[in-house]
Each structure stands twice: as C-alpha cells, then as structure tokens.
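Chemist: Please find the sequence and the predicted model below.
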Amino acid sequence: MSVIRQDPTTKEWGTIAAERKRRPHGNDQHGETHSSTKESGPCPFCPGQEAATPEEVFRIPASEGTGCSVRVTSNKFPALGEMGGLARREAGPLFREMDGVGAHEVIIETPFHDRTLPLMTDREVADVLIAYQTRYRARREDPRLKYIIIFKNHGEAAGTSLAHPHSQLVATPVPPMLLRRKRRAS
Ligand SMILES: [Zn+2]
C-alpha cells in the first residue's frame, strides 16, 4: 500500500507508491525513448483485452450500439487506494505520513488504438469529456478526498507507458501546496 508523506523541509505532501515500479514501460524516466516493441503482448486497452484491466467503473456505449466508446477502470498500478483513513502519524524522527488513500482511474478514451483526440469526431471528444465529468462528480462524493485532477500524458516524452489514447484521474486527500496557498489567500 502506498503512503502519503510530508517533506519536512517544504511541508509539501507527496505520494510514495512502490507498486508503480511494476507497470509496463515503453520509455525510461529521462525521456530516452525505446522502440515500440518494448510494449510486450497485446495492448490492454484494446477491445477483447478487457480481462487485462481491473474492473470497469464506468462506460459509455458506442452510438451504433456495439462495444463502447469510452471505458473507465481502476488503474492496475494505483498510486493511491480506496482503503485507509486520514489519520497522520510520525514515521521516524523526520517524517509525518498517512495512508495512501485516494483514487486512481484510467479513462480509455476510445476502442481504437491509434485514434488520438485530434482524430476523433466531435461526438467522440464529447464522450471523453462526459466521462471526465461523471468520474469527477463520483469521486467528489467521498468526503476524504479534497483534490481531484484529470490529466493526460501524451507521447513517450511525456512519460506515457501505453500508446493507446487514455487519460488518468487521481484524487487525493491533500491538495498541492500551491492550491492550499491560493485558497488561503482568496
Ligand atoms: Zn490499444
């Protein structure tokens, strides 16, 4: 299970999720790209590979009535998990930490492996935005979660580990320091 730990020098909270080291990678952390053959096996986000992803939490059926246009699943290598509380504890002489409670979802934007956002129809883009909105609202119901971000890493240089068009939702119990400061100021 991951933990959320406070940096004693800045008071910023950060997530430590050792589990994520196990996720598949098409490139390393320094932006140095490798060939696409590094992605071994079939793409887990393509139709027919549903068993390779965790349980689906939301879907928008395709307008033709077959398959679906957008699927949302839990992240297989989550940075944060559903279980846990908000109690903070001392972790040695320097650190305060808490359970890595939160949510980490994957929004699979299309069943088509190569159909990135600029290639989608208006209807398909709208479905992606509806999925964002629906999952944001669902996570907002959890009183433990104070910050929800939906983001997308596009391309190897941005650190994406799978080419199939997808976005991620992360919800955390601690907003980033810059937002906390802006809120206090406002
Ligand atoms: Zn795919």
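Modeler: Arrived safely.

Chemist: Return the set of buried residues in stretch 63-83.
Modeler: For stretch 63-83, the neighbour count (16 or more other CB atoms under 10 Å) marks 68-81 as buried. Placement of C-beta: from N, CA and C, glycine included.

Chemist: Can you confirm whether that stretch lies near the ion?
Modeler: No. On the criterion CB under 5 Å from the ion, stretch 63-83 is out of touch with the ion, staying 11.4 Å away.

Chemist: cool, stretch 12-28 as well?
Modeler: No. Stretch 12-28 lies out of reach of the ion by CB under 5 Å from the ion, never closer than 12.4 Å.

Chemist: In which helix or strand does the residue nearest the centre of the chain reside?
Modeler: What sits nearest the mean C-alpha location of the chain, by CA atoms, centre = their mean, is residue 168, with 3.2 Å. If you go by DSSP states H and E, residue 168 is part of strand 166-172.

Chemist: Could you save the buried residues of stretch 63-83 as TSV and add columns showing secondary structure?
Modeler: Below are the buried residues of stretch 63-83 laid out as TSV (DSSP: H, G, I helix; E, B strand; the rest coil):
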residue	secondary structure
68	strand
69	strand
70	strand
71	strand
72	strand
73	strand
74	strand
75	coil
76	coil
77	coil
78	coil
79	coil
80	coil
81	strand
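
Chemist: Show me the helices in this structure, by range?
Modeler: 122-140, 177-185 (DSSP state H).

Chemist: hmm, back to that, wait, doesn't the residue nearest to the centre of the chain sit right on residue 152?
Modeler: Yes. If you go by CB atoms under 8 Å, residue 168 and residue 152 touch, sitting 7.2 Å apart.

Chemist: thinking again about what came up before, per-residue pLDDT of the residue nearest to the centre of the chain, please?
Modeler: With respect to pLDDT, residue 168 scores 95.

Chemist: Over to residue 23?
Modeler: 71.

Chemist: Let me see the contact set for the closest residue to it other than its chain neighbours.
Modeler: In space, residue 23 comes closest to residue 77 once its chain neighbours are excluded; the distance is 4.0 Å by CB to CB, 6 or more residues apart in numbering. Residue 77 makes contacts with 17, 19, 20, 22, 23, as judged by CB atoms under 8 Å, 6 or more residues apart in numbering.

Chemist: ok, 10 Å please
Modeler: With contacts defined as CB atoms under 10 Å, 6 or more residues apart in numbering, residue 77 is in contact with 17, 19, 20, 21, 22, 23, 24, 54, 104, 106, 161.
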